[in-house]
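> no sequence on this one, just coordinates:
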């Protein structure tokens, strides 16, 4: 297996047709083969200049110049210029005057979600390596948070303020290899993470720069042009593959087939690369006999149902979320003409069944069926998946012997607060019995209970039996789910009774 490609302050990995390594034990290793292409810093400057203005320092005016090339836009800073010109020329020289004036339009501590949408300051420089090693170009992306007015060397100056840490450090090696680095100066192969996709989706200028860089690299490695076109059309790239590994393939079809366990019988060269990746990953959880139904879904509808965007299918949690979302939307479309025509209570119950069915299949390793034509058939499939989960647990006797509640569970207090007709489920067999009595998949929630994330209670009121999942938010108990037998929705008045009771008990503590 190929070793991960890493470079630190004391190690620099070099890859040509034959990999050579510099380490502490072997500090001097030179390139033995000529690189196939050169990375010209002027070309990179020209790309970044298409979307950002070129500056020679962080100072818009005044201050010292720098050896680093800076790129940032100032079109929307007219107000700041007007404010500066309104000040007297000797403002900072007056007694009691501040050393500087900060004009912040972004508070990093409060509005972190908006950070990716801000204008960027891009620092570009070329790192010269010792003779025999490949040089590389570094692009550092900092969100701009405001403007600083100050006196520098007795003269007025205006400086760009940025976040302390950049959102991305990107490195282009001389041979076209692409990396990113963390705060410990460790280099890693560049890949599309969920964070990078969020940045691509929210920041147009960054997206254009990255797409153009891939188009430039695609002159030597054609597959990168397909990646660039996908970024331009969809504003993200779903496949979390390393760019180094992607360059081993010539076409999108080769890439999907080379990275998938069960590629579909379609021509991926004629499909959108994001769609190809998602539909192939989803197919791994669908019965092969139903792949035709999967492929018959129009591309736009499929991408909407899967909740595409920043979901990473290398993360098991993301897989569950994406597939359960997809299954709810798929069966709502298949079993009902329009979701709007379904009574809310009925659709809520149906949504619970479809979502739990998908999650149960994933947990048990069973393949999901797309062939159910009636709501009752989907309920039967859900019950069969639940029974399969229980059988797995029964085979493993140790599963039933495990304690359900944490010794110092924060929900034990809730047991004391609620009246006696609320029965806390406090053992693994009792949780299994609750699922059997109520015909739901509450047994599948045992790991959450053991981790003290939730608590399960049974409640009878006027002949109506409820399974209630309680959680905690901001230090207060809350209802996560409350369902009757067969996942039927709870009556609103019953939910209100429990909510009021929780509120009263919490306030009286």
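Looks like it came in fine. Just so we're clear, the structure is a prediction, and the values are computed from it rather than from any experiment.
> Kindly report the domain assignment for the protein.
For the chain, the structural domains run 1-190, 273-395, 400-508, going by automatic domain parsing.
> Mind checking the pLDDT average for the second one?
Domain 273-395 shows a mean pLDDT of 84.
> hang on, the earlier thing: ranked by average pLDDT, which of the domains of the chain falls at the bottom?
Looking at the domains of the chain, the weakest mean confidence is domain 1-190, a mean of 72.
> Identify whichever of the domains of the chain lies nearest to residue 226.
Closest approach to residue 226 among the domains of the chain (C-beta to C-beta): domain 273-395, 6.2 Å. C-betas here are computed from N, CA, C, even on glycine.
> Quick one: distance of that closest one to the chain centre.
Distance of domain 273-395 from the chain centroid (C-alpha atoms, centre = their mean, to the nearest Å) equals 20 Å.
> need the domains of the chain in CSV with distance to residue 219 and mean neighbour count, can you?
Formatted as CSV, the domains of the chain follow (distance: least, C-beta to C-beta, whole Å; neighbours: other C-beta atoms under 10 Å):
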stretch, distance to residue 219, mean neighbour count
domain 1-190, 8, 15
domain 273-395, 19, 17
domain 400-508, 50, 16
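> Would you mind giving those as a markdown table with distance to residue 250 added?
A markdown table is the format used below for the domains of the chain (distance: least, C-beta to C-beta, whole Å):
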| stretch | distance to residue 250 |
| --- | --- |
| domain 1-190 | 15 |
| domain 273-395 | 14 |
| domain 400-508 | 44 |
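> which residues of the stretch 401-509 of the chain fall in helices?
Counting by DSSP state H, counting those that start in this stretch, the segments of the stretch 401-509 of the chain that form helices are 412-417, 428-438, 446-450, 492-508.
> can you check the stretch 51-200 of the chain too?
Along the stretch 51-200 of the chain, counting by DSSP H, counting those that start in this stretch, helices occupy 78-86, 194-202.
> Just tell me which of the helices of the stretch 401-509 of the chain ends up closest to residue 277.
helix 446-450 (29.0 Å).
> Who are the packing partners of that closest one?
helix 428-438 (3 or more C-beta pairs under 8 Å, 6 or more residues apart in numbering; DSSP states H and E).
> how far is the helix it packs on from where the chain is centred?
35 Å.
> list the contacts for residue 478?
If a contact means C-beta atoms under 8 Å, 6 or more residues apart in numbering, then residue 478 has 470, 471, 472, 502 as its contacts.
> Out of the domains of the chain, which is closest to residue 243?
Each of those was scored for nearness to residue 243 using C-beta to C-beta, and the closest is domain 1-190 (4.7 Å).
> all strands of the stretch 351-500 of the chain, in order?
422-424, 455-461, 464-473, 476-483 (DSSP state E, counting those that start in this stretch).
> Distance of the residue nearest the centre of the chain relative to residue 322?
In the chain, the residue lying closest to the centroid (C-alpha atoms, centre = their mean) is residue 194, at 3.4 Å. Per C-beta to C-beta, to the nearest Å, residue 194 is found 12 Å from residue 322.
> now swap in residue 359 and tell me
From residue 359 across to residue 322, the span is 11 Å (C-beta to C-beta).
> Check residue 348 too.
Counting by C-beta to C-beta - residue 348 and residue 322 are separated by 21 Å.
> do residue 366 as well
Distance of residue 366 to residue 322, computed by C-beta to C-beta: 18 Å.
> Repeat that for residue 287.
18 Å.
> Same check on residue 304?
In terms of C-beta to C-beta, residue 304 sits 12 Å off from residue 322.
> same deal with residue 248?
Distance from residue 248 to residue 322, counting by C-beta to C-beta: 27 Å.
> Please produce TSV containing the helices of the stretch 51-200 of the chain, extended by distance to residue 168.
Shown next, in TSV, are the helices of the stretch 51-200 of the chain (distance: least, C-beta to C-beta, whole Å):
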stretch	distance to residue 168
helix 78-86	26
helix 194-202	7
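> between the ones you listed, which gets nearest to residue 160?
The nearest among the helices of the stretch 51-200 of the chain, by C-beta to C-beta, is helix 78-86 at 10.4 Å.
> what's the spacing between the closest one and its chain's center?
Counting by C-alpha atoms, centre = their mean, helix 78-86 comes out at 40 Å from the chain centroid.
> residues in contact with that helix?
By C-beta under 8 Å, 6+ apart, helix 78-86 touches 103, 147, 149, 156, 158.
> Quickly note the distance from residue 40 to residue 127.
Between residue 40 and residue 127 the computed distance is 15 Å (C-beta to C-beta).
> was I right about residue 139 contacting residue 121?
No - if you go by C-beta atoms under 8 Å, residue 139 and residue 121 don't touch, sitting 11.0 Å apart.
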